[in-house]
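> Quick one: sequence plus predicted model below, questions after.
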Amino acid sequence: MNITLERKPLEQVEADALIVSVFEGRKETRFGAADLSDAGEVAGKALETTLLHHVPGVAARRVLLAGAGKPEKFTAAEQRKVAATAVRFLKPKSVKKIAFVLDPEHAGGDYASAAVEGALLGDYEPDRLKTGDDKKSVEAFTVVAAGADVDLEEAVRRGRILAEAQNFARDLANEPANLLTPSKMAGAAQKMASEYGLECQVLDRAEMEKLGMGALLGVAQGSAEPPVLIAIRYRPAQPASQAHLGLVGKGVTFDTGGISIKPAEGMEKMKYDMCGGAAMIGAMRAIAQLKPAIAVTAFIPCVENMPGSRAQRPGDIVTAMSGTTIEVLNTDAEGRLILADTLVYARRQGCTHLVDAATLTGAIVVALGHLNVGLFANDDAMRDRVLQAARSEGERMWPMPLEDDYKEYLKSAFADLGNIGGRWGGAITAAMFLKEFAGETPWVHLDIAGTAYLDDAKPFLAKGPTGVPVRTLVRLAMEWK
Ligand code: BES
Ligand code: ZN
Ligand code: ZN
């Protein structure tokens, strides 16, 4: 999609469709819409869409009145949804060239970025492997800002970079496990890194053995596909501080559960068990272009969790890189095992602050549904930084408890830790397990099992991977002080 900015009165903009936001309680009388407003057809309700043809005095072929809700509640997150909904509404009608008018009262940089993001995120379809010729997508998207004086060019560029990175993560996440093995994931990371000037290193099984990553390797041993640990490095030209942010993402390319095998129903969704890793690769793609003043390294352990004659068994005891022994009571609690070694590795690589993202537990979906990411932290300041970034980006996250008393749930009779707790508080015991390996390093864990993919499409987003939390991570790096 070609993204541009035009500074013109909206009447003069040439386009197949001109999108204009209409607000609740602010009667729309332009475009001959007064009657529709009086009749209640144009009420400005959030995500309402009314398409007008041949509007006199307007150069565009169509005008889409896009409901934006109450003006006082109209945040950049709402803007993103409005643009995405409008694009998804117009796209099936073969509309190719769209112009989006920024509301004069909401015309700052964040709103311009959000409009662009909405367009790109809304246009996205996870249809790479469909062979039909009926795929439709928007070719051009113009942000129209009549008199605004802020630097919108930069905001439009930022929005494009962010949304393209998020869509890149979605594409990666959506690849089926036969096509995206751990080695292929490493290949995709290397390709991205060389395109954007980042350093990328891929550790193989032998190197991980040398490092003593027994927890990660135990998960990998059941698969014919070899494991990899991807490290992608960004270093600023002029660092603003000594801080070094580590981004750790779960990259289980398929999770059968291993010997503690999952039920067949819905198992196909476990191709999404690398969404955390995909988000980190996506975030690095944007970071390479936006160039924050902080050093950032992404670490993505990639494995396939399979049953088989070589697979680890319940009751096996493995030794993590930290020396901690772990009794593997359930082979389906594999994410925490591969993250344990990776967190320790990230700290040894000099990371001063850590964020991990993982489709870690079904329990977080029970707790928070599909709306909020579960956020756990061992440090209040770090928690607040991430929450602040998430709020600015409209990626909803909810703080969860992580008190030391929960550690009791992870007791093992035969090793330092068991890899599962009991029946209750499953998302918390998983986080508590990771906390052991984050040590004293300020760390935030994001459980994205409920938010990394949509089971059903929304008016503003296709079914499938969402690309959460790419934007939050990029903003966290950009706003680091
Ligand atoms: N990948 C799953 C978690 C998951 C569940 C992600 C549903 C997305 C949707 C994870 O590896 C897992 O299997 N977790 C187990 C842990 C249990 C064995 C303690 C779970 O949540 O059931
Ligand atoms: Zn599992
Ligand atoms: Zn898993």
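Received the coordinates, thanks. Ligands and ions are numbered 1, 2, ... in the order given.

> residue contacts, A165?
282-283, 285-286, 470, 474 (Cβ atoms under 8 Å, 6 or more residues apart in numbering). C-beta: built from backbone N, CA, C; applies to glycine.

> next one: E164
Contacts here follow Cβ under 8 Å, 6+ apart; on that basis E164 touches 120, 285-286.

> What values do phi and psi take at the closest residue to ligand 2 within the stretch 151-300 of the chain?
When scored by Cβ to the ion, the stretch 151-300 of the chain has D255 as its residue closest to ligand 2, at 4.4 Å. Phi and psi for D255, reported as degrees, to the nearest 10, are phi -120, psi 100.

> go on, K135?
Dihedral pair for K135: phi -70, psi 130, per degrees, to the nearest 10.

> Start the count at 14 instead of 1 going forward.
In the new numbering, first residue 14, that becomes K148.

> looking at the contacts of A178, which has the most residues close by?
Neighbour counts for the contacts of A178 (other Cβ atoms under 10 Å) peak at A296, which has 33 neighbours.

> Could you check how far whatever helix or strand that residue lives in is from the centre of its chain?
Using DSSP states H and E, A296 falls within helix 288-303. Its chain's C-alpha centre lies 9 Å from the corresponding centre of helix 288-303 when counted by Cα atoms, centre = their mean, to the nearest Å.

> looking only at pLDDT, what's the mean for that helix?
Average pLDDT, helix 288-303: 99.

> hmm, that helix touching ligand 1?
No - taking Cβ under 6 Å from any ligand atom as the criterion, helix 288-303 and ligand 1 are apart, separated by no less than 8.6 Å.

> which residue ranges form the strands in the stretch 14-163 of the chain?
For the stretch 14-163 of the chain, the strands defined by DSSP state E, counting those that start in this stretch occupy 15-19, 30-35, 62-66, 75-80, 110-114, 153-157.

> Residue of this protein closest to ligand 2, please.
As assessed by Cβ to the ion, ligand 2 sits closest to D345 within the chain, at 3.8 Å.

> and the residue of the stretch 164-313 of the chain closest to ligand 2, what does it touch?
By Cβ under 8 Å, 6+ apart, D268 lies in contact with 275, 283, 286, 318, 345, 347-348.

> Filter the residues you listed down to the buried ones.
With burial judged by 16 or more other Cβ atoms under 10 Å, the buried subset of the contacts of D268 is 283, 286, 318, 345, 347-348.

> Among those, name the ones in strands.
Within those, residues falling in strands by DSSP state E are N318.

> now the buried ones among the contacts of D268 as TSV including distance to ligand 1?
Listed next are the buried ones among the contacts of D268 as TSV, based on distance: Cβ to the nearest ligand atom, whole Å:
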residue	distance to ligand 1
M283	6
D286	5
N318	7
D345	4
E347	5
G348	5
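
> Report the residue spans of the protein with pLDDT below the cut-off.
The chain contains residues with pLDDT under 70 at 160-162.

> and if we set it to 90?
Under the criterion pLDDT under 90, the flagged ranges of the chain are 146-147, 159-164.

> Neighbours of the closest residue to G121 other than its chain neighbours, how many?
Closest residue in space to G121, ignoring its immediate chain neighbours: V163 at 6.0 Å, by Cβ to Cβ, 6 or more residues apart in numbering. Neighbour count of V163, defined by other Cβ under 10 Å: 14.

> Is any residue of stretch 431-446 near ligand 1?
Yes - judged by Cβ under 6 Å from any ligand atom, stretch 431-446 and ligand 1 are in contact via 433, 439.

> got the contact list for G435?
G435 is in contact with 422, 442, counting by Cβ under 8 Å, 6+ apart.

> what do you get for the one 5 residues further on?
Residues touching A440, when contacts are defined by Cβ under 8 Å, 6+ apart, comprise 373-374, 376-377, 380, 387, 413, 460.

> what do you get if the cut-off is 10 Å, keeping everything else the same?
Counting by Cβ atoms under 10 Å, 6 or more residues apart in numbering, A440 makes contact with 373-381, 387, 389, 413, 434, 458, 460, 462-463.

> Many thanks, I have nothing further to ask.
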